[in-house]
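Okay, here's the prediction I keep looking at, along with the sequence it came from:
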Protein chains: 2
Amino acid sequence: MIESQSHSLLRPAGLGDALAGQLAAAIRGGEFRPGARLPTEKQLVERFHVSRAVVREAIARLKADGFVETRQGAGAFVAARPGLANFRIGQNGAAIPAEDLPHIFELRAVVEAGMAELAAQRRTPADLQALRAAFNEMEQALAGSGAKDGAAADDAFHAAIAAAAQNPYLAQFAAFLAQHFSASRAVTWMPDAIAAGSAQVSQAEHARLLAAIEAGDAQAAAQAARTHITQAAARHAARLTSKPKMPKPQRKG
Amino acid sequence: MIESQSHSLLRPAGLGDALAGQLAAAIRGGEFRPGARLPTEKQLVERFHVSRAVVREAIARLKADGFVETRQGAGAFVAARPGLANFRIGQNGAAIPAEDLPHIFELRAVVEAGMAELAAQRRTPADLQALRAAFNEMEQALAGSGAKDGAAADDAFHAAIAAAAQNPYLAQFAAFLAQHFSASRAVTWMPDAIAAGSAQVSQAEHARLLAAIEAGDAQAAAQAARTHITQAAARHAARLTSKPKMPKPQRKG
DNA sequence: TGAGCAAATTTGTCTGACAACCTGACAAAT
DNA sequence: ATTTGTCAGGTTGTCAGACAAATTTGCTCA
């Protein structure tokens, strides 16, 4: 019988989702080895007391997640490397455990440092222009011109570094990692954080990163990126401990 | 009308898979913005001339891939960051385009270098023991003792480096990247490749990597890892161009 | 023992029905 | 004028049954 996963303030997941989760856990737990055939749809229907449609949806999810492959007439089979078709941070929808954060930021530091190094080596005049423009927008956001969105400029700055590195996979992976912390970056650029000087510290790190890339100094760029992410991790951790300060839930419709 | 995606030597994908691919492409292509509502199931049924079951399976896939979120009674909505819940190399089941390989290996080099650096700093006596043991197994596979599986020892060697780095996310991501090239590593340790000296070159790179980690020399370890991956990329590329040499398809039941 | 074929089984797709939920419009109350 | 409650229509979630396409199994025969 499927155990309903109900998120405290959110809607319960559907049966298909729940069954997929259970089957994935069974595969991960070694109940089915790579290449092994899963129970037939009919068997799953009987075992879990759900309709065939639910079973098929669960299998569709498992296929998307790289856990199984299906062959019409034969069955569903555990993939050669179940679940390794995707790289994912954390479990579906669940918050990242706090004890994982240092490891994730360290992974980010490795990736961002490597990317900054390549950016310093490969940047074009157009890249530098984009970097400068984004940097200047952040400067204006700091000066309180009010018309500039610091967080968006921060995103643009990092996207420009990624473009300068000229490796789309590095860029995608860095963006993938960063999007897990987009809320933290947004907080960095809120009025209270700017007033508290937090954004200025971040911007000083950006300045060092920019200077190194402009100078074509790969080592300095890597080091500046490493420091920036290390400090971002500290800022993020500080936010987690200084719990609900919830300044203004400025919600844009 | 759904265009059938048929893989040249593989079975055609189902309609659900094909529809999911098209909807994902539409979302990626900007046809639906984050937060936008997708056409209703009924509309998709009419537009694509498929049954509702196919539509639902496609949506289940898109949910698993992080492209959409559904709310019962309301509809399916494009996720805040569509497709970014997972990081994936290549498209589902399709071979990685050759022109992407250099970029992927470069990403691997960045990650493996960062990991080797940490391993050199954090390795324990037990780590060194595991590294040595794996290295010795590869030596024996090279000497032709026959009882040792070079590819498995190669895997174990890299797993030991990952363990020494003491960052599970780095380890997982490195393994994720490496599994896309597991066939290439297996070829490195086949009798013909050993006879041709290819495995010896790889092992010499392992030796430098091991020496640097044993010496606790982080810079040398990073450099040795970078070189190893760069050479692995060259070996992989050479295999792609020297096409079907297909020595012996030794298939283990 | 191996080849050929029919029957059984399994996945893929379609169709129809009902349950649960959502949204927008409108009425009633404050 | 604003807030709350109700309801109709629409949408997703689940169930059930039927048939098509592909694979596996079992049986017969040379």
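Nice, I can see it.

Tell me where the stretch 1-150 of chain A has strands.
A:68-71, A:75-78, A:86-87 (DSSP state E, counting those that start in this stretch).

if I look at the closest residue to A:Q219 other than its chain neighbours, how far off is A:A222?
Nearest non-adjacent residue to A:Q219, counting by Cβ to Cβ, 6 or more residues apart in numbering or on different chains: A:E117, 7.5 Å away. Where you see a C-beta, it was placed from the backbone N, CA and C, and this is true even at glycine. Separation of A:E117 from A:A222 (Cβ to Cβ, to the nearest Å): 4 Å.

ditto for A:A174
14 Å.

what stretches of the stretch 101-250 of chain A score poorly on pLDDT?
Scanning the stretch 101-250 of chain A for pLDDT under 70 picks out the ranges A:145-147, A:243-250.

Domain parsing of chain A, as residue ranges.
If you go by automatic domain parsing, the domain ranges for chain A are A:15-78, A:98-241.

Of all those domains, which one comes closest to DNA strand D?
Within the domains of chain A, the stretch nearest DNA strand D is domain A:15-78; the backing value is 2.4 Å (Cβ to the nearest atom of the strand).

That closest one spans what distance, first to last residue?
End-to-end span of domain A:15-78 (Cα to Cα, to the nearest Å): 21 Å.

same check, this time on stretch A:69-87
Note: stretch A:69-87 ends 18 Å apart using Cα to Cα.

And stretch A:178-198, by the same measure?
End-to-end span of stretch A:178-198 (Cα to Cα): 19 Å.

just to revisit the earlier point, weakest of the strands of the stretch 1-150 of chain A by average pLDDT?
Mean pLDDT is lowest for strand A:86-87 out of these, coming in at a mean of 84.

So it, near chain B or not?
Yes: residues of strand A:86-87 contacting chain B under Cβ under 8 Å from any Cβ of the partner chain: A:86-87.

number of nearby residues for A:A165?
A:A165 has 27 neighbours, counted by other Cβ atoms under 10 Å in any protein chain shown.

what does A:A36 give?
14.

what's near enough to touch it?
Shown in contact with A:A36 (Cβ atoms under 8 Å, 6 or more residues apart in numbering or on different chains): A:77-78.

That one and A:G75, how far apart?
Computed as Cβ to Cβ, the A:A36 to A:G75 distance reads 10 Å.

before we move on, what about A:D17?
Using Cβ to Cβ, one obtains 22 Å as the distance from A:D17 to A:G75.

which one of the two has more residues nearby?
Between A:D17 and A:G75, A:D17 has the larger neighbour count (other Cβ under 10 Å), namely 22 against 15.

residue contacts, the nearest residue to the more buried one once chain neighbours are set aside?
Setting aside the residues directly before and after it, A:D17 is nearest to A:R61 in space (Cβ to Cβ, 6+ apart), at 7.0 Å. The contact partners of A:R61, taken as Cβ under 8 Å, 6+ apart, are A:16-17, A:20, B:60-61, B:63-64.

In CSV: the domains of chain A, plus distance to DNA strand D.
Conversion of the domains of chain A to CSV gives the following (distance: least, Cβ to the nearest atom of the strand, whole Å):
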stretch, distance to DNA strand D
domain A:15-78, 2
domain A:98-241, 24
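
Including distance to B:K148, could those domains go into CSV?
Below are these laid out as CSV (distance: least, Cβ to Cβ, whole Å):
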stretch, distance to B:K148
domain A:15-78, 23
domain A:98-241, 32
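
so which of these gets nearest DNA strand C?
Once these are compared by Cβ to the nearest atom of the strand, domain A:15-78 is nearest, at 3.5 Å.

Distance from that closest one to the middle of the chain?
27 Å (Cα atoms, centre = their mean, to the nearest Å).

Would you format the strands of the stretch 1-150 of chain A as JSON lines with distance to B:G30 included?
JSON lines is the format used below for these (distance: least, Cβ to Cβ, whole Å):
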{"stretch": "strand A:68-71", "distance to B:G30": "31"}
{"stretch": "strand A:75-78", "distance to B:G30": "34"}
{"stretch": "strand A:86-87", "distance to B:G30": "23"}
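
most residues in a single helix of chain A, which one?
helix A:218-241 (DSSP state H).

Tell me the buried residues in it?
For helix A:218-241, a neighbour-count test (16 or more other Cβ atoms under 10 Å in any protein chain shown) marks A:218, A:220-226, A:228-230, A:232-233, A:235-236, A:239 as buried.

other SSEs contacting that helix?
The contact analysis (3 or more Cβ pairs under 8 Å, 6 or more residues apart in numbering or on different chains; DSSP states H and E) places helix A:218-241 against helix A:101-122, helix A:182-188, helix A:198-214.

one more time with 10 Å, if that's ok
helix A:101-122, helix A:150-165, helix A:168-179, helix A:182-188, helix A:198-214 (3 or more Cβ pairs under 10 Å, 6 or more residues apart in numbering or on different chains; DSSP states H and E).

Mind checking the ones you listed for the one nearest to A:L142?
helix A:198-214 (5.9 Å; Cβ to Cβ).

wait, does the closest one make contact with chain B?
No: shown here: helix A:198-214 not in contact with chain B (Cβ under 10 Å from any Cβ of the partner chain), separated by at least 16.4 Å.

buried ones in that helix?
Applying 16+ other Cβ under 10 Å to helix A:198-214 flags A:198-199, A:202-203, A:205-206, A:208-210, A:212-213 as buried.

Who are the packing partners of that helix?
Secondary-structure packing of helix A:198-214 (3+ Cβ pairs under 10 Å, 6+ apart): helix A:101-122, helix A:125-143, helix A:150-165, helix A:182-188, helix A:191-196, helix A:218-241.

Run the chain-centre distance for that helix.
22 Å.

How about stretch A:151-166?
16 Å.

next one: stretch A:181-197
Distance, centroid of stretch A:181-197 to centroid of chain: 18 Å (Cα atoms, centre = their mean).

quick revisit: want to throw the helices and strands packed on helix A:218-241 into JSON lines with distance to B:A164?
Below are the helices and strands packed on helix A:218-241 laid out as JSON lines (distance: least, Cβ to Cβ, whole Å):
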{"stretch": "helix A:101-122", "distance to B:A164": "14"}
{"stretch": "helix A:150-165", "distance to B:A164": "28"}
{"stretch": "helix A:168-179", "distance to B:A164": "22"}
{"stretch": "helix A:182-188", "distance to B:A164": "30"}
{"stretch": "helix A:198-214", "distance to B:A164": "29"}
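
which stretch among the ones you listed comes nearest B:T188?
Of those, nearest to B:T188 by Cβ to Cβ is helix A:168-179, at 22.8 Å.

how about that closest one: buried residues?
Those would be A:169-179, for helix A:168-179 by 16+ other Cβ under 10 Å.
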